[in-house]
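Enquirer: here are the coordinates; sequence isn't available:
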């Protein structure tokens, strides 16, 4: 019998990785179905109003329900699935965590510009914007090892895919974004060791990201030594 949850995804998508990490942390069985976003299947466009991944399909007695938007999916997983709690119990702390999840999405917006631009000026502008945002995160971090201390949370699930980009970028150049952020460096290292984070992408992730940069003639590639 097929599992009741199916995650429609793309191998590089950081938003998909959030949902995979959340499901894995909770020990929830699910099927992952990767699609080609350059040639989206008709069936996918029918269930994804924005034409974006991830989409989580949920089998119910009323039929199949499709949820879209990564944070919505993560919230549904948290509210309905057993396993480790990924949000604080306190309502105010929970709202703070949701705000930092949105902040992570803002960083991803800048990262998209950084990795796709062919222009040196735009690249530097995005690099500075990302650096400034990470400085704000550094100021919000405690003693670690995770965002909220000892407990892994959905904020960690959001930021782990962001840090993963830099594992590949570092092969080309030092962007100096984490040079003055020791807490971020420790957090990044801790998340990289997490089994759920490792399992969120395939072994071919670095090669796929490099190929993506090459297709966009990314300025980042010109900085390689």
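Expert: Structure received. Predicted, not measured: the structure shown is a model, and the values here were computed from it. Numbering: from 1, shown residues only.

Enquirer: For residue 49, which non-adjacent residue is closest in space?
Expert: residue 68 (6.4 Å; C-beta to C-beta, 6 or more residues apart in numbering). Backbone N, C-alpha and C define where each C-beta goes, glycine included.

Enquirer: Starting from residue 8, give me the distance back to the one you found.
Expert: According to C-beta to C-beta, to the nearest Å, residue 68 and residue 8 sit 9 Å apart.

Enquirer: Leaving out sequence neighbours, find the closest residue to residue 67.
Expert: residue 56 is the one closest to residue 67 (C-beta to C-beta, 6+ apart), at 4.6 Å.

Enquirer: Pull up the gap between the one you found and residue 151, please.
Expert: Counting by C-beta to C-beta - residue 56 and residue 151 are separated by 24 Å.

Enquirer: And for residue 215?
Expert: From residue 215 to residue 151 the distance is 39 Å (C-beta to C-beta).

Enquirer: Domain-wise, how is this structure divided?
Expert: 5-80, 91-222 (automatic domain parsing).

Enquirer: Would you tell me which helix is longest in the chain?
Expert: Longest helix in the chain by number of residues (criterion: DSSP state H): helix 91-116.

Enquirer: which regions of this structure lie under the pLDDT threshold?
Expert: 1-3, 225 (pLDDT under 70).

Enquirer: Now do the SS call for the nearest residue to residue 154 once chain neighbours are set aside.
Expert: Nearest residue to residue 154 in three dimensions, chain neighbours excluded: residue 86, at 4.7 Å (C-beta to C-beta, 6+ apart). What DSSP: H, G, I helix; E, B strand; the rest coil gives for residue 86 is coil.

Enquirer: Measure how buried residue 86 is and give me the count.
Expert: When neighbours are counted by other C-beta atoms under 10 Å, residue 86 registers 22.

Enquirer: if I look at it, how far off is residue 156?
Expert: For residue 86 relative to residue 156 (C-beta to C-beta), the value is 8 Å.

Enquirer: now do residue 184
Expert: For residue 184, the distance to residue 156 - C-beta to C-beta - is 13 Å.

Enquirer: between those two, who's got more neighbours?
Expert: residue 156 (26 against 19).

Enquirer: all strands of this structure, in order?
Expert: 5-9, 31-34, 55-60, 63-68 (DSSP state E).

Enquirer: Bridged to the residue nearest to residue 49, which residues?
Expert: Beta bridges link residue 68 to residue 55, judged by DSSP bridges.

Enquirer: residue contacts, residue 186?
Expert: Under the criterion of C-beta atoms under 8 Å, 6 or more residues apart in numbering, the neighbours of residue 186 are 144, 145.

Enquirer: and if you look at residue 191?
Expert: 146, 156, 159, 160, 163, 197.

Enquirer: Please tell me how far it sits from residue 27.
Expert: Counting by C-beta to C-beta, the separation of residue 191 from residue 27 is 19 Å.

Enquirer: same thing with residue 220?
Expert: Relative to residue 27, and taking C-beta to C-beta, residue 220 is found at 37 Å.
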